[in-house]
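S.K.: sequence first, then the predicted structure:
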Amino acid sequence: MGPIGEEASVRRRCVADFAEFSRSTLTHPDAAGLLHLWQELRGDRPAPFRAELDAGKIGAKAPFLAILEHVGPSNLRVRIAGDRLNKWFGLELRGMSALSLVAPEARNHVQAALNRVIDDPAVAALHGAARAADGAQARYELALLPMRSDFGRVDRVLVGLWLLDHTGPFGPMRLGVDAVTVATVPLEGRPRLVAETASPAFAEAEGDGAAAPPRPADPPTRRGHLRVVK
């Protein structure tokens, strides 16, 4: 992807209460729906298993989703990506660093958010302008939701990306980031909803579609708070 002009840096970083994040942070209907599905899957746990992500429930959201894998300290790679994301970025995303998709000026902030998503765990959202190689811009919303591998570790991140004010072809693009919002996941949750079978429609080649193992004890989690830094 070639140069696409000057990128704006992150102007707002917010550490939010989880309930507030759930109510008002994600405004696109499909992004809010993805968060709702994720919450139903996790129940009272910090994060659901990757194998519980049922493609039948994902439905039409699948082209807009990706799975990141934590492969080392501060190193997350795209494990699988939907067709729409590959088209928007203008290349096959599998194996790429998650940070390569955002503007250089925003990468430290995005990395910090990804670290929180994996370590706390937490949920996060990015907002800003996607900038195409031809100079076109479109506002976007991106959700980052933690998930567990078959071994029980939180080392996957479910990504959902939607353009808010653009329809039709767009890209290749890079994401400028205006705002990053993070909320630590509480242990209290709703009853767990488990997918009966793993569907191959959004399955990973390495075999993450296997049944989830018994759930280990969950570690204590920190309470979220609200702080806006300008």
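M.R.: Nice, thanks for sending it over.

S.K.: ranges for the strands of the chain?
M.R.: 12-15, 65-72, 75-81, 122-132, 137-148, 154-163, 173-175, 179-184, 227-229 (DSSP state E).

S.K.: can you list the buried residues in the longest one?
M.R.: Think strand 137-148. 137-138, 140-148 (16 or more other CB atoms under 10 Å). In this view, the C-beta of every residue, glycine as well, is placed from N, C-alpha and C.

S.K.: OK, contacts around Tyr140?
M.R.: 126-130, 161-164, 175 (CB atoms under 8 Å, 6 or more residues apart in numbering).

S.K.: could you report the pLDDT at it?
M.R.: On the pLDDT scale, Tyr140 is placed at 98.

S.K.: could you measure from Arg38 over to Leu76?
M.R.: Just to correct that, residue 38 is Trp rather than Arg. From Trp38 across to Leu76, the span is 17 Å (CB to CB, to the nearest Å).

S.K.: export the contacts of Tyr140 to JSON lines and tack on neighbour count and distance to Leu34?
M.R.: Formatted as JSON lines, the contacts of Tyr140 follow (neighbours: other CB atoms under 10 Å; distance: CB to CB, whole Å):
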{"residue": "Leu126", "neighbour count": "24", "distance to Leu34": "14"}
{"residue": "His127", "neighbour count": "21", "distance to Leu34": "15"}
{"residue": "Gly128", "neighbour count": "23", "distance to Leu34": "19"}
{"residue": "Ala129", "neighbour count": "21", "distance to Leu34": "21"}
{"residue": "Ala130", "neighbour count": "25", "distance to Leu34": "18"}
{"residue": "Leu161", "neighbour count": "25", "distance to Leu34": "10"}
{"residue": "Trp162", "neighbour count": "20", "distance to Leu34": "9"}
{"residue": "Leu163", "neighbour count": "20", "distance to Leu34": "15"}
{"residue": "Leu164", "neighbour count": "14", "distance to Leu34": "15"}
{"residue": "Leu175", "neighbour count": "21", "distance to Leu34": "18"}
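
S.K.: relative to Glu20, which of those is nearest.
M.R.: Nearest to Glu20 among those, counting by CB to CB, is His127 at 15.2 Å.

S.K.: now do the contacts for the closest one.
M.R.: Contacts of His127 (CB under 8 Å, 6+ apart): 139-142, 177-179, 181.

S.K.: where's it relative to Pro63, distance?
M.R.: Distance, His127 to Pro63, by CB to CB: 21 Å.

S.K.: so for stretch 114-133, what's the average pLDDT?
M.R.: Stretch 114-133 comes out with an average pLDDT of 97.

S.K.: give me the low-pLDDT residue ranges for the chain?
M.R.: 1-9, 11, 188-230 (pLDDT under 70).

S.K.: now do the contacts for the residue of it most remote from its centre.
M.R.: In the chain, Asp134 marks the outermost C-alpha relative to the chain mean, sitting 26.4 Å out by CA atoms, centre = their mean. Contact analysis of Asp134 by CB under 8 Å, 6+ apart lists nothing.
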